[in-house]
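J.: Sharing a sequence plus its predicted fold:
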Amino acid sequence: MSFHKDMIERLPLINKRLAAKVRGVLELNKAERHIRGGEATRKKYRENKETVEKS
């Protein structure tokens, strides 16, 4: 079973309050994931361009 599935399905059975906090963090992470991916790609190409210009 995956970590996320455990946090969504099993944790509420053990501790509802903690499960609500964890779910909030997971939802925020999911909502921001595409932004981090774009930043990583931009950084990758920026560093590559600087390397090529120095050569």
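T.: Structure received. Residues are numbered from 1 along each chain as shown.

J.: can you give me the helices in this structure?
T.: Taking DSSP state H as the test, the helices found in the chain are 3-5, 11-14, 16-54.

J.: quick one: D6 and N48, what's the gap?
T.: According to CB to CB, to the nearest Å, D6 and N48 sit 39 Å apart. The C-beta positions use only the backbone N, C-alpha and C, and glycine is treated the same way.

J.: Lowest-scoring secondary structure element of the protein by mean pLDDT?
T.: Within the chain, judged by mean pLDDT, DSSP states H and E, the helix or strand with the poorest mean is helix 3-5; its value is a mean of 82.

J.: Please enumerate residues in contact with that helix?
T.: The list of residues contacting helix 3-5 from outside it, by CB atoms under 8 Å, 6 or more residues apart in numbering, reads L26.

J.: again, but for stretch 14-24
T.: Among residues not part of stretch 14-24, those counted as contacts by CB under 8 Å, 6+ apart are 7-8, 11-12.

J.: let's go with 10 Å and repeat that
T.: 4, 6-13 (CB atoms under 10 Å, 6 or more residues apart in numbering).

J.: Off-centre distance for that stretch?
T.: Here the centre of stretch 14-24 is set off from its chain's centre by 18 Å, with CA atoms, centre = their mean, to the nearest Å.

J.: Would you indicate which residues of it are buried?
T.: Along stretch 14-24, the positions that meet the burial threshold by neighbour count (16 or more other CB atoms under 10 Å) are 19, 22.

J.: Convert it to PDB, retaining C-alpha atoms only.
T.: The C-alpha coordinates for stretch 14-24 follow below in PDB (Å, rounded to 0.1, in the frame of the first residue of the first chain):
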ATOM      1  CA  ILE A  14      -6.600   6.100  13.900                       C
ATOM      2  CA  ASN A  15      -6.600   9.800  14.400                       C
ATOM      3  CA  LYS A  16      -9.200  12.000  12.700                       C
ATOM      4  CA  ARG A  17      -7.700  15.400  13.700                       C
ATOM      5  CA  LEU A  18      -4.200  14.400  12.500                       C
ATOM      6  CA  ALA A  19      -5.700  13.000   9.300                       C
ATOM      7  CA  ALA A  20      -7.400  16.300   8.500                       C
ATOM      8  CA  LYS A  21      -4.100  18.200   8.900                       C
ATOM      9  CA  VAL A  22      -2.200  15.600   6.700                       C
ATOM     10  CA  ARG A  23      -4.900  15.800   4.100                       C
ATOM     11  CA  GLY A  24      -4.500  19.600   4.000                       C
END
